[in-house]
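S.K.: task: produce atomic coordinates for the following.
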Amino acid sequence: MSAYLFLAIIFAIIAIIFVLQNTIPVTVCFLHWVSPEISLAVVVLIAVCAGALITFLIDSYRAFKTGQKMKELIAQNKKMQREIQSLKSSKEKSKPEKKPEKEDEKPAFKATGLLKK
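M.R.: Reported below is the predicted structural model:
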């Protein structure tokens, strides 16, 4: 965000310098439309403002879509958390109780030394 702001400030400074140095009257032609003579500074300011407005609209649409996706993912996450909790609780309910082992019951065969090389 700070890099974006930094670049916007640099662009604004460059546009202001350009506007202050170019005050000559110009005629703008677009398709079949021809403007009366107006200052080049006004043309540049209009172009910069139009570009800023278009950028704002595109970024707003992207932020709206990101917000929608985030809400969807949060809802999905909550659903999954509830499912995990229900599975944990059903697992705890279905788990049989372990019988304590008696000390005198030992395995008949120990396989501890068989795998040594």
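S.K.: let me see the confidence value for the residue nearest to residue 22 when sequence neighbours are not counted.
M.R.: Excluding its sequence neighbours, the residue lying closest to residue 22 (Cβ to Cβ, 6 or more residues apart in numbering) is residue 40, at 4.4 Å. C-beta coordinates here come from the backbone N, C-alpha and C atoms, glycine included. Residue 40 is assigned a pLDDT of 87 by the prediction.
S.K.: cool, and residue 37?
M.R.: The per-residue pLDDT reported for residue 37 equals 90.
S.K.: my read: residue 20 touches residue 41, true?
M.R.: Yes - between residue 20 and residue 41 there is a contact under Cβ atoms under 8 Å: 7.5 Å.
S.K.: which residue of those two possesses the greater neighbour count?
M.R.: residue 41 (18 against 9; other Cβ atoms under 10 Å).
S.K.: tell me where the chain has strands.
M.R.: Taking DSSP state E as the criterion, the chain contains strands spanning 25-26, 29-30, 33-34, 38-39.
S.K.: do you know which of these lies nearest residue 51?
M.R.: strand 29-30 (15.8 Å; Cβ to Cβ).
S.K.: by contact count, what packs against the closest one?
M.R.: Applying 3 or more Cβ pairs under 8 Å, 6 or more residues apart in numbering; DSSP states H and E, we find strand 29-30 packed against no helix or strand.
S.K.: good, wrapping up.
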